[in-house]
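K.L.:
give me a 3D structure for the following:
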Amino acid sequence: MLAIANDDATVFNEVLKEGGKNYAVGINSAWLYYKAHELFTYHDGVLYRKSNKGAGQRGAPVDLVTRGGVSCVTINGGHYPVKDVIWLMFYGHVSGDVVCIEGDSLKISNLMLTNEGQPIQKLCHQVTPYEGDLIKCGKMRALVVDTDDISHAESSNIELLCNTGHVFYLALNDGAGWRATRSAIHAQRIGLNRFIISIS
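P.N.:
Reported below is the predicted structural model:
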């Protein structure tokens, strides 16, 4: 009863595993989502404390520890990769590995989710600053991509999306410092080497 009162559903892990499916990951994700929002705020790649609980001060950056070469945040004595916590705070669920697209920046625009054991499939695409503004406010949901300007492997990803619906990531930038990641969810050929790609 005490564990339930403390929002800790891990006591049910064994019961759920008995049912043939490991729902414990989903329960821990939900618990971690609420706990992270209770304890932290996020701004520009950094988690900040919401309260004076523990050793930190309200408004101070969260202290990170390294476990197995991965930067982690401590919540209720457990260590959670900070990339996963940030992703979870934005999207509510983690299914796979959260990875940095470039470097070690923890900005949400530099993070993406990969399926476990599968290589990262991405296509880098530059947009104009005007298109970047439209994408940011959700008014632009498709891009035209010319395969003459990209590698054979990247154009194969587009063909795969057209033929099988296999999703990949678009790493977008406007050449003026703005970067974002979107999922390419649908593609249609509109010319010999041109495709229109719908993005998330």
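K.L.:
in this structure, which spans are helices?
P.N.:
2-5, 13-18, 24-39, 82-91, 129-136, 152-164 (DSSP state H).
K.L.:
what about the second one, average pLDDT?
P.N.:
Per-residue pLDDT over helix 13-18 has a mean of 41.
K.L.:
one step back: looking at the helices of the chain, which one has the lowest mean pLDDT?
P.N.:
Lowest mean pLDDT within these: helix 13-18, at a mean of 41.
K.L.:
can you say which of the helices of the chain is packed in most?
P.N.:
Comparing the helices of the chain by mean neighbour count (mean count of other C-beta atoms under 10 Å), helix 82-91 ranks first with a mean of 20. Just so you know, the C-beta spots here come from the backbone N, C-alpha and C atoms, and that holds for glycine as well.
K.L.:
would you map out the domains in the chain?
P.N.:
By the assignment in automatic domain parsing, the chain contains the domains 2-114, 122-199.
K.L.:
burial count for Tyr48?
P.N.:
16 (other C-beta atoms under 10 Å).
K.L.:
use 22 as the first number from now on
P.N.:
New numbering, starting at 22: the last item is Tyr69.
K.L.:
which non-adjacent residue is nearest it?
P.N.:
Closest residue in space to Tyr69, ignoring its immediate chain neighbours: Thr62 at 5.0 Å, by C-beta to C-beta, 6 or more residues apart in numbering.
K.L.:
equivalent analysis for Ala192, please.
P.N.:
Cys145 (4.7 Å).
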